[in-house]
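A.B. asks: Show me the folded form of this:
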Amino acid sequence: MRAETRKARPLSKITVDHEDDATETTVSAQLDSTHIAPTFGELGVRDEIVRALAEVGIERTFAIQELTLPLALAGDDLIGQARTGMGKTFGFGVPLLHRIATEGSGTTTLDGTPRALVIVPTRELCIQVAGDLVNASKYLPGSRKSGLEVLSIYGGRPYEQQIDELKKGVDVVVGTPGRLLDLANQGHLILGKIGVLVMDEADEMLDLGFLPDIERILTMVPERRQTMLFSATMPGPIITLARTFLNRPTHIRAEEPESSAVHERTNQLVYRAHALDKAELVARVLQAEGRGATMIFTRTKRTAQKVADDLVERGFACGAVHGDLGQIAREKALDRFRAGKIDVLVATDVAARGIDIDDVTHVINYQCPEDEKTYVHRIGRTGRAGRTGTAITLVDWDDVPRWQLIDKALDLGFPEPVETYSSSPHLYEDLNIPEGATGRVRKAAPAAAEGESRERPKREDGSKPRRNRTRRRTVRGKEVAGTENAAGTTEAGSSETEASEAKASEASAEKPAAAGGDAAAAPARRRRRRRRTRSGGDAAGQKDTSSTETVSTSAAQ
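C.D. replies: Below is the predicted model of the structure:
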């Protein structure tokens, strides 16, 4: 959630294109510095929503919001297209909340059955969108006495808690396709009264293979509804989906003059780096002047955890988000990153979309992205909400051909990355790294928890106290009296122990040999020993005592 006042997002050029079949209208807008964006209140949004947004510093609209709000508030279907960080969440979230909370807006009265559904591709985006809707709806009336109820539904969490919340009554559901479909098939999630349906980051859902699940969900909601589809890019299958399930939608694109696929406010640097030097290089980059919250992206889960562990060992406050971590661990890492408790987050591409953290100053591609779309969404984590940012991409020698394809597709102008090491002068100059920076940050050792100490307390004379534990001495498995040395007990000296052992040996030597034999003539019983044997014979060439005793017994009989 943004916690600062946003600047006005001006509009200078609006074009409307009608297709031949008149089934879709395209509206494109460009920004300049003369137009003053209207406030949410000026566009007719409910006072309760305007008040809630103002409390977190949001007053004026972004371009995508200014264009979508009039149509969305009226109940029209639309397709919203804008680059990441341009305010798409409130572009559909504000009209969604306004319509379901307003009588006569086309939706039925709230009764605890979901009236609005938002489908998102990832768990992290689900949490983000639900959090924004909760903040914007805090003063709206709902089906519960506490107000309008928003529930996030996603995998990695127990079913029982989500089912209990649905039974209590929910007005808005934000969820990932798989868990939504599971609960709907089980009869816990009722979709028959949905009046507003939103598909956010639709192109990512297509890439992750969720399209069949989405189509099944769309067959469960009423045909008479408002549908909004939002995405940064619009590939062919998404356009087909929109034309199948949307009713005469308006396609809205918000752009800047001569805009490209990436933010012009993001300073992009590309280096050809050696795999064995990357960790040291990243450690130097993290000491750059003005470096704030930083996200580091890797292609694999194993690399993400390895990089995070290495940075923690070097003294950086770092966390990780990847698929091998449990959902609770992932949420804790993101919460700590948002709260500023850690300033470095290492993540796989699962976190590249929808993580709305405005104050990320640097993005580091530790491994070259798979394609240009992944690159765009990775570096889109910085330079958000009108800020500037820095994106650094490290390209291995083997990844140069892949990078050249990305560079050509986006026309970046870096076909041949500069060979760079952690000690290269141009690295220090490009990123304003202090000359004395090394690959390790010196930090004080963490203090022990209050009331705890790793070392035992010392006596007044400086010596350590004796351990308070019980020691027991035994002879042939039997405890010898007077050997306990726990607190308050006596401990026998070594001479007493030796004497007791000697007496025990004498006593055992004077015992008769075996019952039924001559007690006077019987020799003292020899203590038997176990010998290792090979194939039944004595390994040392000695006789087996057990076999000798058997023969003697037979002869006696």
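A.B. asks: quick one: contacts for residue 321?
C.D. replies: 124, 304, 330, 333, 334, 345, 346, 347, 348, 350, 351 (Cβ atoms under 8 Å, 6 or more residues apart in numbering). Backbone N, C-alpha and C define where each C-beta goes, glycine included.
A.B. asks: State the phi and psi torsions of it.
C.D. replies: Per-residue torsions, residue 321: phi -140, psi 110 (degrees, to the nearest 10).
A.B. asks: And the closest residue to it other than its chain neighbours, how close does it get to residue 294?
C.D. replies: Spatially, and ignoring its direct neighbours in sequence, residue 321 is nearest to residue 347 (4.3 Å; Cβ to Cβ, 6 or more residues apart in numbering). From residue 347 over to residue 294 the distance is 11 Å, taken as Cβ to Cβ, to the nearest Å.
A.B. asks: Would you agree residue 117 falls within a helix?
C.D. replies: No: if the criterion is DSSP: H, G, I helix; E, B strand; the rest coil, then residue 117 is strand and not within a helix.
A.B. asks: Now do the strands in the stretch 301-450 of the chain.
C.D. replies: 318-321, 344-347, 360-365, 389-395, 418-419 (DSSP state E, counting those that start in this stretch).
A.B. asks: List the strands paired with the third one, with their directions.
C.D. replies: Applying DSSP bridges, strand 360-365 is found paired with strand 293-297 (parallel), strand 389-395 (parallel).
A.B. asks: List the buried residues of the longest one.
C.D. replies: Taking 16 or more other Cβ atoms under 10 Å as the basis for neighbour counts, the residues of strand 389-395 that come out buried are 389, 390, 391, 392, 393, 394, 395.
A.B. asks: Who is the first one paired with across the strands?
C.D. replies: Same thing as residue 389. Counting by DSSP bridges, the residues bridging with residue 389 are residue 266.
A.B. asks: ok, it - contacts?
C.D. replies: Contacts of residue 389 (Cβ under 8 Å, 6+ apart): 263, 265, 266, 267, 360, 361, 362, 363, 379, 382, 383.
A.B. asks: if you set the cut-off to 7 Å instead, what comes out?
C.D. replies: Residue 389 makes contact with 265, 266, 360, 361, 362, 363, 382, 383 under the criterion Cβ atoms under 7 Å, 6 or more residues apart in numbering.
A.B. asks: Among these, name the buried ones.
C.D. replies: For the contacts of residue 389, a neighbour count by 16+ other Cβ under 10 Å gives the buried set as 266, 360, 361, 362, 363, 382, 383.
A.B. asks: And the pLDDT for residue 286?
C.D. replies: For residue 286, the model assigns a pLDDT of 95.
A.B. asks: I should have written residue 53 there, sorry.
C.D. replies: 93.
A.B. asks: And for the one helix or strand residue 180 maps to, what's in contact with it?
C.D. replies: Using DSSP states H and E, residue 180 maps to helix 177-185. With contact meaning Cβ under 7 Å, 6+ apart, helix 177-185 is reached by 119, 153-155, 162, 189, 191, 205, 210, 213-214, 216-217, 220.
A.B. asks: 8 Å instead, please
C.D. replies: Contacts for helix 177-185 (Cβ under 8 Å, 6+ apart): 117, 119, 121, 153-155, 159, 162-163, 166, 173, 189, 191, 205, 210, 213-214, 216-217, 220.
A.B. asks: what does stretch 131-148 give?
C.D. replies: Residues contacting stretch 131-148 (Cβ under 8 Å, 6+ apart): 1, 46, 48-49, 51-53, 56, 89-90, 93-94, 96-97, 100-101, 110-112, 118, 149-150, 168-172, 174, 356.
A.B. asks: Which of those are buried? Put it as a ChimeraX command.
C.D. replies: Listed next is the ChimeraX selection for buried residues among the contacts of stretch 131-148, using 16+ other Cβ under 10 Å:
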select :1,46,48,49,52,53,89,90,93,94,96,97,100,101,110,112,118,149,150,169,170,171,172,174,356
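A.B. asks: Show me the contacts of stretch 131-148 that map onto helices.
C.D. replies: Members of the contacts of stretch 131-148 lying in helices (criterion: DSSP state H): 48-49, 51-53, 89-90, 93-94, 96-97, 100-101, 168.
A.B. asks: What is the nearest of those to residue 227?
C.D. replies: Residue 227 lies nearest to residue 96 out of these, by Cβ to Cβ, at 11.2 Å.
A.B. asks: List the contacts of the closest one.
C.D. replies: So residue 96 contacts 72, 116, 118, 133, 172, 196, 198, 228 (Cβ under 8 Å, 6+ apart).
A.B. asks: Repeat the analysis, applying 10 Å as the threshold.
C.D. replies: Counting by Cβ atoms under 10 Å, 6 or more residues apart in numbering, residue 96 touches 72-73, 90, 107, 115-118, 133, 136-137, 172, 195-198, 226, 228.
A.B. asks: Could you report the pLDDT at it?
C.D. replies: 94.
A.B. asks: what's across from residue 116 in the sheet?
C.D. replies: Applying DSSP bridges, one finds that residue 116 bridges with residue 172, residue 196.
A.B. asks: Please look at it and residue 171 and confirm they touch.
C.D. replies: Yes: under the criterion of Cβ atoms under 10 Å, residue 116 makes contact with residue 171 at 7.1 Å.
A.B. asks: Find residues that contact each of those two.
C.D. replies: Contact with both residue 116 and residue 171 is made by residues 97, 100, 101, 133, 148, 150, according to Cβ under 10 Å, 6+ apart.
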